[in-house]
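Engineer: What follows is a predicted structure for the sequence shown.
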Amino acid sequence: METIKYEYAAAKPVKRRAHVGVVGSGDLEVLIEPIEGGIAKVVINTSVDGFGQVWKTVVDRFFTHFDGCVAIEINDFGATPGVVLLRLEQAAEEIGQ
């Protein structure tokens, strides 16, 4: 089990929470909640160790077009990068971003 943390500059206030996906084989859940302070915080709990650079690449890509002030928690059970990006985009859509 590995925990990875990132922070990004953010500008847009967010008013809603979101929960998408499930923690299961090859999938993950994304939890988003609003925070203040011009920042977005990401915490990834993954069952697969040693993929920090892959996670960084996927999350960096997501934050090239998302700038909500949120706390994101990702609970992963072996999801592929495509599934990770899909779940992040689903959560962003759910909060109206």
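Structural biologist: Everything's here; your move.

Engineer: use CA for all of it now, contacts and neighbours both
Structural biologist: Fine.

Engineer: In the protein, which helix is the longest?
Structural biologist: What stands out as the longest helix in the chain, according to DSSP state H, is helix 81-94.

Engineer: Give me the contacts around that one.
Structural biologist: 18-21, 27-32, 54-55, 58-59, 62, 66 (CA atoms under 8 Å, 6 or more residues apart in numbering).

Engineer: State the mean pLDDT of that helix.
Structural biologist: Taken as a whole, helix 81-94 carries a mean pLDDT of 96.

Engineer: Put the alpha carbons of that helix into CSV.
Structural biologist: C-alpha atoms of helix 81-94 as CSV (Å, rounded to 0.1, in the frame of the first residue of the first chain):
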residue,chain,number,x,y,z
PRO,A,81,-4.3,5.4,-16.1
GLY,A,82,-7.2,5.6,-18.5
VAL,A,83,-9.7,4.6,-15.8
VAL,A,84,-8.0,7.1,-13.4
LEU,A,85,-8.5,10.0,-15.8
LEU,A,86,-12.0,8.9,-16.6
ARG,A,87,-13.0,8.8,-12.9
LEU,A,88,-11.4,12.2,-12.3
GLU,A,89,-13.3,13.7,-15.2
GLN,A,90,-16.6,12.1,-14.0
ALA,A,91,-16.1,13.6,-10.6
ALA,A,92,-15.3,17.1,-12.1
GLU,A,93,-18.5,16.9,-14.2
GLU,A,94,-20.5,15.9,-11.2
